[in-house]
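**Q** Generate a structure from the sequence data that follows.
(chains A and B)
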Amino acid sequence: MIGFAARRLLATVPVMAVVAVFVFLLLHLGPGDPATVIAGDYAKPEDIARIRAQLGLDRPLYVQFGSWLWRLAQGDLGVSIFSNLPVAQLIGQRLEPTLALSALTLTFAVLVAVPLGTVAAWTAGSWIDRGVMAFAVVGFSVPVFVLGYALIYGLALKLALFPVQGYVGLAEGLWPFLHRLILPSLTLSVVYIALIARITRASVLDVLGEDYIRTAHAKGLTERAVLVRHALRNAAVPIVTVIGIGFALLIGGVVVTESVFNIPGLGRLTVDAVLRRDYPVIQGIILVFSAAYVLVNLVIDILYTVFDPRIRY
Amino acid sequence: MNSDLLLIGRNTAVMIGGGLLLAMAAAALFAPWLFAGDPTALDPVARLRAPAAAQWFGTDMYGRDLYGRTVYGSRISLLVGLTVAAVSVAVGLSIGLVAGYVRWVDAVVMRVMDGIMAIPGILLAIAMIALAGSSLVTVVVAIAIPEVPRVVRLVRGVVLGIREEPYVEAAISVGTRLPHILIRHVLPNTVAPLIVQATYVCASAMILEAILSFLGAGVPPEIPSWGNIMAEGRTYFQIAPWIIFFPGLALALTVLGVNLLGDGLRDSLDPRITKRM
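**A** As a prediction, the model looks like this:
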């Protein structure tokens, strides 16, 4: 187990290396001089010169990459061109809302999707099953910001159940914090629910045909015990896998949801950075999000052995 | 092939999805007939009008007719969706075929693909557009790049399964050259899964295009794409929610159509999966 974890951890090194090279090269692959691009359309020559010097763009490419990587290894993500603050600090400031939104969304999604998918599999072919599957297809097709505005219109503007937009930190109290976070999390979780419910249904349906399920029925276990203890447990691996794959979906969704609900998280930082062409910030955010994605999938790979002791590496 | 077509024709999802998609394609093609005016014409007197008989979908903050803008917007969405699907399938297919067949290429290419897949697609796309400037071409390229690794993986998987088949071995044993084997024996096996994958790429590309425009990093703002219309409606959402709702509904219906078509095609083209999904 430890040996596997170590080997799996090593395997993330080439992936993160490719990410780093790609993120570094982004600026240089585009047409034109990078400093001019960052400075924008109305920049004066001295602005361009300042940016070129600040980012070290006048040095050879391999020297730039080497020094960038070296600083990266020490946790230095560079300095924002717009605010002159360290990128790591900017990201740190915006971490709480994004983490809170992602965590609540994930909780919602799993709590709703797994029972939904299990029931659909159990009643396969019935109208409940058809309903769940229809919801899964529709949920996957409605863009998150359209859904966000629809929910704001219905639940916040018309019914006044929730605040329209905004964010309140956890430090201000649990209820105000949750109250503002419920609607965005609900919005963001719909795609995720659709994805997880679908895989749960397929996976449980697969397991329900196994011999040990018939044995469990035959020895007189209740439906509930068969479903939860035998079927769901054995169907767990694909479900956990899709939660990991869907994490990429979640990151994309966070960026959009934060813009719709005016939440000052990493997503908003991204959009602001893009509009200002604040390249070091964009680079830092992509690196952090990619690392999070790789890390989540690493943890999930290791979790396989916990969920399914038959898996040995 | 005839029985395949019959099977596809009998699938409800394909019929509904195809119908929705055809309707949108018709709207895109016949936009000038569906809306006689100019979708970019300003009419300051008729600003922020609610949907009514004169303007079915209402007007925006410059008095532009939203029905006309939504109809014309279908052109951008379909164009981006179809082009991205075509580009990423073409590129992914070429890379995947070679990677699946040539061992040393495989090792390198798959590491690079893993790396690209670890970068969230939206972030990669907005970063590229921010740097390369917003144009229709940039948007297509920026959306296609994150989709390529998924196609490569799919094609490579198919190729790895096929290269052990007796008919491929037979082809090798009679001295058939590699390009010929790839095109003649391997390529046809990738067609069915690729068609299904292409529909999903198309759906996600249309959503991504709208998201990019919505965030202000998509096609140039003067083009009436659904994402741009919705982006303009953000500020006025509380007093004129129809600016966001109508293009949003059109986008959701189109994506739903593509997804249904993909699901239905998957079921018809590969009956083995149907039993499980």
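
**Q** Return the nearest residue of chain A with respect to chain B.
**A** A:Val18 (2.4 Å; CB to the nearest CB). (C-beta placed from N, C-alpha, C; glycine too.)

**Q** Tell me how many other residues surround A:Arg130.
**A** For A:Arg130, the neighbour count with other CB atoms under 10 Å in any protein chain shown is 13.

**Q** now B:Arg75
**A** Other residues lying near B:Arg75 total 18 when counted by other CB under 10 Å.

**Q** Near the closest residue to it other than its chain neighbours, how many other residues are there?
**A** Excluding its sequence neighbours, the residue lying closest to B:Arg75 (CB to CB, 6 or more residues apart in numbering or on different chains) is B:Ala28, at 4.5 Å. Residues lying near B:Ala28 (other CB under 10 Å) number 19.

**Q** Pass me the low-pLDDT residue ranges in the stretch 151-277 of chain B, would you?
**A** B:270-277 (pLDDT under 70).

**Q** 50 - rerun?
**A** B:273-277 (pLDDT under 50).

**Q** Now do the helix or strand encompassing A:Thr270: everything it contacts.
**A** A:Thr270 is part of helix A:266-275, with elements assigned from DSSP states H and E. Residues outside helix A:266-275 that contact it (CB atoms under 8 Å, 6 or more residues apart in numbering or on different chains): A:80, A:82, A:90-91, A:94-95, A:97-98, A:254-259, A:262, A:278, A:281-282, A:285, A:288-289, B:123, B:126-127, B:129-130, B:215-217.

**Q** swap the cut-off to 7 Å and go again
**A** For helix A:266-275, contacts defined as CB atoms under 7 Å, 6 or more residues apart in numbering or on different chains pick out A:90-91, A:94-95, A:98, A:254-255, A:257-259, A:281-282, A:285, B:123, B:126-127, B:130, B:215-217.

**Q** Equivalent analysis for stretch B:225-244, please.
**A** Contacts of stretch B:225-244 (CB under 7 Å, 6+ apart): A:149, A:153, A:157, B:48, B:50-51, B:57-58, B:60-61, B:66, B:69, B:73, B:76-77, B:209-214, B:216, B:218-219, B:221, B:247-248, B:250-251.

**Q** Give me the buried entries from the residues you listed.
**A** A:149, A:153, B:57-58, B:60, B:66, B:69, B:73, B:76-77, B:209-214, B:216, B:218-219, B:247-248, B:250-251 (16 or more other CB atoms under 10 Å in any protein chain shown).

**Q** Which neighbouring residues are in contact with the residue most central in space within chain B, exactly?
**A** When CA atoms, centre = their mean is applied to chain B, the residue found nearest the centroid is B:Cys202 (1.5 Å). Shown in contact with B:Cys202 (CB under 7 Å, 6+ apart): B:Gly81, B:Leu82, B:Val84, B:Ala85, B:Val258.

**Q** Please tell me I have it right and the last one contacts B:Leu20.
**A** This means B:Val258. No - the criterion here is CB atoms under 7 Å, and B:Val258 misses it with B:Leu20 at 8.2 Å.

**Q** sorry, back to before: what's the following helix or strand after the helix holding A:Thr270?
**A** helix A:279-307.

**Q** Can you list phi and psi of B:Asp65 for me?
**A** phi -70, psi 120 (degrees, to the nearest 10).

**Q** For stretch A:25-40, the averaged confidence score.
**A** Across stretch A:25-40, pLDDT averages out at 72.

**Q** Revised request: answer the last question for stretch A:230-247.
**A** 83.

**Q** tell me which residues in stretch B:120-138 are buried?
**A** For stretch B:120-138, burial by neighbour count (16+ other CB under 10 Å) applies to B:120-132, B:134, B:136, B:138.

**Q** Show me which of these is closest to A:Arg71.
**A** Nearest to A:Arg71 among the buried residues of stretch B:120-138 is B:Ala127, at 19.5 Å by CB to CB.

**Q** surely the closest one meets A:Ile282?
**A** Yes - between B:Ala127 and A:Ile282 there is a contact under CB under 7 Å: 5.0 Å.

**Q** Quickly name whichever of the contacts of B:Cys202 is closest to chain A.
**A** Distances from chain A to the contacts of B:Cys202, taken by CB to the nearest CB, are shortest for B:Val258, at 8.1 Å.

**Q** what residues does the stretch 201-313 of chain A put near chain B?
**A** Contact residues (CB under 7 Å from any CB of the partner chain) of the stretch 201-313 of chain A with chain B: A:202, A:205-206, A:248, A:251-252, A:255-256, A:259, A:270-271, A:274-275, A:277, A:282, A:285-286, A:289-290, A:293-294.

**Q** Now list the buried members of the residues you listed.
**A** A:202, A:205-206, A:248, A:251-252, A:255-256, A:259, A:270-271, A:274, A:277, A:282, A:285-286, A:289-290, A:293-294.

**Q** what inclination does the helix holding A:Thr270 have with respect to helix A:279-307?
**A** 150 degrees (axes from the mean of the first three to the mean of the last three CA atoms, to 10 degrees).

**Q** so how far is helix A:266-275 off the chain centroid?
**A** Put simply, helix A:266-275 sits 16 Å off its chain's centre (CA atoms, centre = their mean, to the nearest Å).

**Q** And for stretch A:155-165?
**A** With CA atoms, centre = their mean, you get 26 Å for stretch A:155-165.

**Q** ditto for stretch B:127-146
**A** 15 Å.

**Q** What lies in contact with it?
**A** A:26-27, A:30-31, A:37, A:274, A:277, A:282, A:286, B:80, B:83-84, B:87-88, B:116, B:121, B:124-125, B:205, B:208-209, B:212, B:217-220.

**Q** give the contact list for residue 265.
**A** Here I'm looking at chain A. Here A:Gly265 is in contact with A:Arg94, A:Pro97, A:Thr98, A:Leu101, A:Val254, A:Glu258 (criterion: CB under 7 Å, 6+ apart).

**Q** ah, no, chain B please
**A** B:Ile8, B:Val14, B:Ile195, B:Val196, B:Thr199.

**Q** B:Tyr200 now?
**A** Per CB under 7 Å, 6+ apart, neighbours of B:Tyr200: B:Gly262.

**Q** in what helix or strand does it lie?
**A** helix B:187-215.

**Q** What residues sit buried inside that helix?
**A** Under the neighbour-count criterion of 16+ other CB under 10 Å, helix B:187-215 has B:187, B:189-190, B:192-215 buried.

**Q** cool, stretch A:164-171 as well?
**A** Quick answer for stretch A:164-171 (16+ other CB under 10 Å): A:Val164, A:Gln165, A:Tyr167, A:Val168.

**Q** try stretch A:115-130
**A** Neighbour-count burial for stretch A:115-130 flags A:Leu116, A:Gly117, A:Thr118, A:Val119, A:Ala120, A:Ala121, A:Trp122, A:Asp129 (criterion: 16+ other CB under 10 Å).

**Q** Now go through these and say which are in helices.
**A** Those of the buried residues of stretch A:115-130 mapping onto helices are A:Leu116, A:Gly117, A:Thr118, A:Val119, A:Ala120, A:Ala121, A:Trp122, A:Asp129, per DSSP state H.

**Q** Tabulate those in TSV, adding columns for distance to A:Asp301 and pLDDT.
**A** TSV is the format used below for these (distance: CB to CB, whole Å; pLDDT from 0 to 100):
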residue	distance to A:Asp301	pLDDT
A:Leu116	26	93
A:Gly117	22	92
A:Thr118	24	90
A:Val119	29	90
A:Ala120	27	91
A:Ala121	25	89
A:Trp122	29	87
A:Asp129	31	90
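
**Q** which one of those is nearest B:Gly96?
**A** Using CB to CB, these come closest to B:Gly96 at A:Gly117, 30.8 Å.
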